[in-house]
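[1] Provided below are the primary sequence and the corresponding predicted coordinates.
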Amino acid sequence: MTVKIFDRPDVQSFLKTLSGLDNSKGNARMKEITHRLMTDLFRAIDDLNITPDEYWTGIAWLNDIGAAGQAGLISPGLGLDHFIDERLDAIDAALGIDNPTPRTIEGPLYVAGAPESVGFARLDDGRDLDGQTLIMHGVVHDADKKPLPGAKVEVWHCDTRGFYSHFDPTGLQAPFNMRRTIIADENGRYKFQSILPSGYGVPPGSPTERLLSALGRHGQRPAHIHFFVSDPNHRKLTTQINIEGDPLINDDFAYATREGLVPAIKEHNDENSIREHGLNGPFAEIEFDIYLTPLLDGVDNQANEQRKRAAA
Ligand code: DHB
Ligand code: FE
């Protein structure tokens, strides 16, 4: 038996009422969005014959997601973060703005306030002994593709267990471990020493993982390093690089992998390069230049002030 009530005039009028479209108070944009989303949801319940049991399973899951602070974790898992990036790309293409360094998702695990230094920083505290030493460096460029001294490079990544400081369930990492802010030097250069991170997985047994499992999907990301790159006269760039060779590079549950964001890794075993970098053993080197894009009529048309509130 198929019963459909969506098209009934009383249901259509009910949607307007519950969205506040028939009153003059509140926020017009909020009403418009709520009306559209509720319309789509009512229609889906009708079309798919979503049962009360199924509906209340969904509500319980939303409560679990909220209680676990994981709305920002499932959002990339459901591809919304990547979809928003694709839209920003399309808007830029329509405006004729080229992004030589592709943007990709922020993820939910950025923490503001990391220690700041000029030119160089060491990100790790040396306690993650499983990590291979990494030297990463490059030049930040302005919108004219010239080096940009003073650009701010914020970088963060997880350890070899896949845990980020501040979100480490074992509590073993000090605040801001593997998180730093590097100000590009007088030649626009940034450089850091750290360890190669491992891949990341959503917390086992979490509501995020439960939904992914029900979809037949995993909650794993390839090893990656996050960046915010900013300068007062340019748009802020949010991006990541993937660690070349990770088997999940094209199977990222957060869909963040993009062409141009998998730089080559050079392995160094020779005494000369080891000494040159002041290290005492073999290391991996990644060179990655970064290109910022111009402000639009003096403003960053993509500035996003609410994103941090959605963090886990
Ligand atoms: C998630 C975690 C990450 O480290 C990341 O970069 C993106 C998403 C997550 O748990 O959803
Ligand atoms: Fe991440």
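    Structure received. Ligands and ions are numbered 1, 2, ... in the order given.
[2] and the residue of the protein that's closest to ligand 1?
    With Cβ to the nearest ligand atom as the measure, Gly107 is the residue of the chain nearest to ligand 1, at 2.8 Å. The C-beta positions use only the backbone N, C-alpha and C, and glycine is treated the same way.
[3] touching, that residue and Phe253? I think so.
    No - using Cβ atoms under 8 Å, Gly107 makes no contact with Phe253, being 11.3 Å away.
[4] thinking again about what came up before, for the residue of the chain closest to ligand 1, what are its contacts?
    The contact partners of Gly107, taken as Cβ atoms under 8 Å, 6 or more residues apart in numbering, are 76, 81, 226, 240, 254, 256.
[5] identify the contacts common to Gly107 and Phe253.
    Pro76.
[6] list the buried residues in the lowest-mean-pLDDT helix or strand in the chain.
    Lowest on mean pLDDT, DSSP states H and E among the helices and strands of the chain sits helix 271-276, with a mean of 93. Neighbour counts over helix 271-276 (16 or more other Cβ atoms under 10 Å) mark Ile274 as buried.
[7] show the subsequent helix or strand relative to the lengthiest strand in the chain.
    Ordering each strand of the chain by length in residues (DSSP state E) puts strand 133-141 first. Scanning forward in sequence from strand 133-141 by DSSP states H and E, the next helix or strand is strand 152-156.
[8] and ligand 1, is that following strand touching that?
    No - using Cβ under 6 Å from any ligand atom, strand 152-156 stays clear of ligand 1, coming no nearer than 9.1 Å.
[9] and that strand, which strands flank it?
    When pairing is defined by DSSP bridges, strand 152-156 lines up against strand 179-183 (antiparallel), strand 224-230 (antiparallel).
[10] same list, those, but as TSV with mean neighbour count and mean pLDDT please.
    TSV is the format used below for the strands paired with strand 152-156 (neighbours: other Cβ atoms under 10 Å; pLDDT from 0 to 100):
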stretch	mean neighbour count	mean pLDDT
strand 179-183	22	98
strand 224-230	22	98
